[in-house]
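S.K.: got a predicted structure here, sequence first:
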Amino acid sequence: MDEWAGKTVLVTGAAGGMGKAVATRFLQNGATVIASDINASSLEKTAAEFSASGGTALAVLGDVSKVSDCKRIVSAAVDKGDRLDTVINCAGVWMEGPSDTMTEEMWDRTIDINLKGTFFISRYAIPELEKTEGCIINISSNSGLIGEPEVAIYCASKAGVCIMTKALAVELAPKGIRVNAICPGDVMTPMLESQIRDWSQGDPQGYTKRLLSYYPQGEHARFIKPEEIAETVYFLASPKAAPITGVCLPVDFGATAGLA
């Protein structure tokens, strides 16, 4: 089924995890996908996999924390696809630790990638999305909906994505552009694996158990699959979701349902 044939989708953070799953979902349905990432080797490997699958994809190396790269990534997407229908901001980083140990460098890196990058990719895409009455989908986090201990910088960056999503949705509605955010819980991706490795203080099993304890499923709790996030993104980008804009949708097994 090629319901996205002739349409162009830009995905940042596309070399792995959620971004790769999202890009794959659109490729499977005929879209031209511009896959952008900062990791050159992973992006090259992912692009080769996309090509082998028969999909139409272009890999664009770029660092969303740099405004000039954001502009170049969007320009490359339009040049390749001759149009731009959907932008999916998946690029992001995790930051954790006691707030009294955080540094300016940690703050700047997290905010620059998670928040500034999301804004400036969107900013340069607006004129093109107006032509197609397209949409923007931002990957926020359930940490952008509630406060969590020792995650202040990350929470700030993702909360910023949420309120920015709402502001853009209101601003861009007259242009026919929809803007939504997805707020996932823990997704089984390389970023989560590195989070467990780097922040578990030598006890990855205990850290993993603590993460799973946040979910109301008890002994049946599990991490979200990237493909499950991709399905949610795909729906929000579809004409079936035409009335939906300005939404920050938790996809977290109900972890924040009694808290937010």
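M.R.: Thanks, I have it. Numbers count the residues shown, from 1 in each chain.

S.K.: contacts and neighbour counts: CA atoms only from here.
M.R.: OK.

S.K.: under the pLDDT cut-off, which ranges of the stretch 101-250 of the chain? List them.
M.R.: By pLDDT under 70, the stretch 101-250 of the chain has no low-scoring segment.

S.K.: where along it do the helices fall?
M.R.: Using DSSP state H, counting those that start in this stretch, the helices found in the stretch 101-250 of the chain span residues 104-111, 117-132, 152-172, 190-199, 204-212, 226-237.

S.K.: same for the helix or strand hosting I34, what does it pack against?
M.R.: Taking DSSP states H and E as the criterion, I34 maps to strand 32-37. Counting contacts by 3 or more Cα pairs under 8 Å, 6 or more residues apart in numbering; DSSP states H and E, strand 32-37 packs against strand 8-12, helix 17-27, helix 40-52, strand 56-61, helix 67-81.

S.K.: rewinding a little: reformat the helices of the stretch 101-250 of the chain as JSON lines; add distance to S41.
M.R.: Listed next are those as JSON lines, based on distance: least, Cα to Cα, whole Å:
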{"stretch": "helix 104-111", "distance to S41": "21"}
{"stretch": "helix 117-132", "distance to S41": "21"}
{"stretch": "helix 152-172", "distance to S41": "26"}
{"stretch": "helix 190-199", "distance to S41": "15"}
{"stretch": "helix 204-212", "distance to S41": "27"}
{"stretch": "helix 226-237", "distance to S41": "21"}
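
S.K.: what sits against the one residue sitting closest to the centre of the chain?
M.R.: Nearest to the geometric centre of the chain sits C90, at 2.2 Å (Cα atoms, centre = their mean). Applying Cα atoms under 8 Å, 6 or more residues apart in numbering, we find C90 in contact with 11-14, 18-19, 138-139.

S.K.: dump those residues into JSON lines; add neighbour count as well.
M.R.: Shown next, in JSON lines, are the contacts of C90 (neighbours: other Cα atoms under 10 Å):
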{"residue": "V11", "neighbour count": "28"}
{"residue": "T12", "neighbour count": "31"}
{"residue": "G13", "neighbour count": "27"}
{"residue": "A14", "neighbour count": "31"}
{"residue": "M18", "neighbour count": "27"}
{"residue": "G19", "neighbour count": "28"}
{"residue": "N138", "neighbour count": "28"}
{"residue": "I139", "neighbour count": "26"}
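
S.K.: S99: which of these is nearest?
M.R.: Closest to S99 out of those is I139 (23.9 Å), distances taken as Cα to Cα.

S.K.: can I assume that closest one is in contact with I182?
M.R.: Yes: the criterion here is Cα atoms under 8 Å, and I139 meets it with I182 at 5.1 Å.

S.K.: list the residues that contact the nearest residue to I113 once chain neighbours are set aside.
M.R.: Leaving aside its sequence neighbours, I113 sits nearest to S65 (Cα to Cα, 6 or more residues apart in numbering; 4.7 Å). S65 makes contact with 109, 112-113, 116-117, according to Cα under 8 Å, 6+ apart.

S.K.: for T245, give me phi and psi.
M.R.: phi -150, psi 150 (degrees, to the nearest 10).

S.K.: correction: the previous question concerned G62.
M.R.: Dihedral angles (degrees, to the nearest 10) for G62: phi -170, psi 160.
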